[in-house]
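Enquirer: need the 3D shape of this:
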Amino acid sequence: MKRALYLISVTTILITLGFLFAGFKKKTITDNIAASSPNIIIIFMDDMGYGDLECYGGFPYHTPSINKLASQGMRFTNFYAAQAVCSASRAALLTGSYPNRMGVSGAFMPDSKIALNPEEETIAEILKAKGYKTGMVGKWHLGQKQPFLPLQQGFDEYLGLPYSNDMWPVDYNGSPLDTSNRRGKYPPLPLIDGNSTVRIIKTLEDQAELTSIYTERAQQFIQKNKSKPFFLYMAHSMPHVPIAASSKFKGKSGAGLYGDVMEEIDWSVGEIMKTLEANGLAKNTLVIFTSDNGPWLTFGNHAGNTGGLREGKGSAWDGGVKVPCIIRWPSIVNAGTVCNNLSSTIDLLPTICSITKSKLPVRKIDGVDISDLLIGKKGANPRDEFVYYYDRNNLKGIRKGNWKLVFPNTSQTYKVASAIGADGFPGKYASVNVPLALYDLRTDPGETLDLQDKFPDVVKQLMSIADKYRMELGDDLTKQTGTEVRQAGKVQ
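Expert: Numbers count the residues shown, from 1 in each chain. You can find the predicted model right below:
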């Protein structure tokens, strides 16, 4: 009898231990049955700086919905846009490639002769091939007309502006401009549904409606496709200037118009999350919140802040390309976690491909799969290098680990008083000559102390790595043509 009781006790203990060890089993993306086809939402801000969100130190306005998103997911502290300007950064996000690899640079004008080449594969095209419904709302800026609009790049539906909201014949104070002014020659600003213009944005009051218009369309898309996997790309037009807030938020933040706009954006994020909750989709929806580049500091109190990083939009300093990023996916990502690893918007496409078991693009890309970071895998470090290109194709710097080597170049600067404007009006463009310098971004994120003389071996190592990128992607500064640069689309 005692022997029988002993055997039962041992068996019970072994079974219990088995359950315990199963609970501590290494977490993987495939642990969740539905994880191969989660809904995916990318919320992409325009000109939101690293220090603009309350959960990244932003003040004195409040962003409770985005704070909640961070508390429920992973907050990245070393996340980079591919370049510090609109079209280039958006092309990179959607294709997983450095924009200069695709012949894309700068911000496309309404009469631009180049666009994102339809031969490049976007996240939308990849997921559509997997049976996802794909929708986009907001700013496109990768080609202003067919065959370069979202519906021709993998999206089932689209509502938004074809380019930046400041590309219109209206002055900074909201007054119409005539053609004697360069900006007065811009065409009327169209709101496009599908491939057709459904409204002209004429005034700042019209601009104030955009955040609500985008939010309502995004909610409709989620509700309409709640029974099947979907991909939603929500690219807000703000806080890019001209900024404007609806009557529900204007004058309410106590932090000026920029604070009002930020609180309305936060409201929009909250509405998207409420819609997911109401439709039972919150648990298995991967939500990614980030920005296209840093703040456009020339607009002063109508611009955001970099959280102490050097310079801003339009530069290859970290203030121009280091951006906030929050990823929430309750079934996989542990709540309230922080990731300090180097990562970038170009890594989102290969990560999404890994999660959804989709094929990577046929053409070469530069992004890496960061899903190991999402599950908190110990020792994971999928990205160790990042290159800072700007202008048409100038290699201005390279990062490896915590080291950043900056090459001699000319850079836009906001470090002179005349470069900073106010109340919607920009300051005057200013530039400086930048010398060779080495920075340790772990101890000097503001890029202030040049350490090249103390660490010549690090300089030599980064120089060698940079030469490999120059051979592949080119470098106008050293007059090198890349061997692997593809052509952008040609607009007729």
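Enquirer: over to the residue nearest to Pro188 when sequence neighbours are not counted: give its phi and psi.
Expert: Nearest non-adjacent residue to Pro188, counting by C-beta to C-beta, 6 or more residues apart in numbering: Ile200, 4.7 Å away. Quick note: C-beta positions are derived from backbone N, CA and C, even for glycine. The phi/psi pair for Ile200 (degrees, to the nearest 10) reads phi -110, psi 130.
Enquirer: surely Ile200 touches Ile192?
Expert: No - Ile200 is beyond contact range of Ile192, at 10.8 Å (criterion: C-beta atoms under 8 Å).
Enquirer: more crowded one of these two?
Expert: Counted by other C-beta atoms under 10 Å, Ile200 and Ile192 do not tie: Ile192 has more neighbours, with 20 against 13.
Enquirer: how close does the more buried one get to Tyr214?
Expert: 13 Å (C-beta to C-beta, to the nearest Å).
Enquirer: same deal with Glu271?
Expert: Distance from Glu271 to Tyr214, by C-beta to C-beta: 10 Å.
Enquirer: walk me through the domains of this structure.
Expert: According to automatic domain parsing, the chain is divided into the following domains: 31-383, 387-490.
Enquirer: ok so, going back, common neighbours of Ile192 and Tyr214, please.
Expert: 159-160 (C-beta atoms under 8 Å, 6 or more residues apart in numbering).
Enquirer: and the helices in the chain?
Expert: 2-23, 64-71, 86-95, 123-128, 204-207, 210-224, 256-278, 318-321, 348-356, 371-374, 456-473 (DSSP state H).
Enquirer: next, the angle from the third one to helix 348-356.
Expert: By that I understand helix 86-95. Put simply, helix 86-95 runs at 20 degrees to helix 348-356, going by axes from the mean of the first three to the mean of the last three C-alpha atoms, to 10 degrees.
Enquirer: who does helix 86-95 touch, helix- and strand-wise?
Expert: strand 39-45, helix 123-128, helix 348-356 (3 or more C-beta pairs under 8 Å, 6 or more residues apart in numbering; DSSP states H and E).
Enquirer: tell me, what residue is most central in the chain?
Expert: Ser291 (3.8 Å; C-alpha atoms, centre = their mean).
Enquirer: distance check, that one against Asn340.
Expert: On the measure of C-beta to C-beta, Ser291 and Asn340 end up 18 Å apart.
Enquirer: do the same with Lys313
Expert: Distance, Lys313 to Asn340, using C-beta to C-beta: 24 Å.
Enquirer: compare those two (neighbour count), which wins?
Expert: Between Lys313 and Asn340, Lys313 has the larger neighbour count (other C-beta under 10 Å), namely 29 against 12.
Enquirer: now that one. Nearest residue, chain neighbours left out?
Expert: Trp296 (4.5 Å).
Enquirer: burial measure for that neighbour, as a count.
Expert: Neighbour tally, Trp296, other C-beta under 10 Å: 25.
Enquirer: returning to what we had before: in terms of packing, which of Glu271 and Tyr214 has more residues around it?
Expert: Just comparing Glu271 and Tyr214: by other C-beta under 10 Å the higher neighbour count belongs to Tyr214, 25 against 16.
Enquirer: where's the more buried one relative to Arg363, distance?
Expert: Distance, Tyr214 to Arg363, using C-beta to C-beta: 30 Å.
Enquirer: show me the contacts for the residue nearest to Lys313.
Expert: Per C-beta under 8 Å, 6+ apart, neighbours of Trp296: 47, 240-241, 303, 312-314.
Enquirer: cool, and Leu395?
Expert: 387-389, 407, 466, 469-470, 473, 475, 477-478.
Enquirer: with Ser97 instead?
Expert: Contacts of Ser97 by C-beta under 8 Å, 6+ apart are 91, 120, 346, 363-367.
Enquirer: what do you get if the cut-off is 6 Å, keeping everything else the same?
Expert: 365-366 (C-beta atoms under 6 Å, 6 or more residues apart in numbering).
Enquirer: let me know the pLDDT of it.
Expert: Listed pLDDT for Ser97 reads 98.
Enquirer: check the one 3 residues further on too.
Expert: Looking at Asn100, its pLDDT is 97.
Enquirer: begin at 45 from here
Expert: New numbering, starting at 45: the last item is Asn144.
Enquirer: that one against Asn437, yeah?
Expert: Yes - the criterion here is C-beta atoms under 6 Å, and Asn144 meets it with Asn437 at 4.8 Å.
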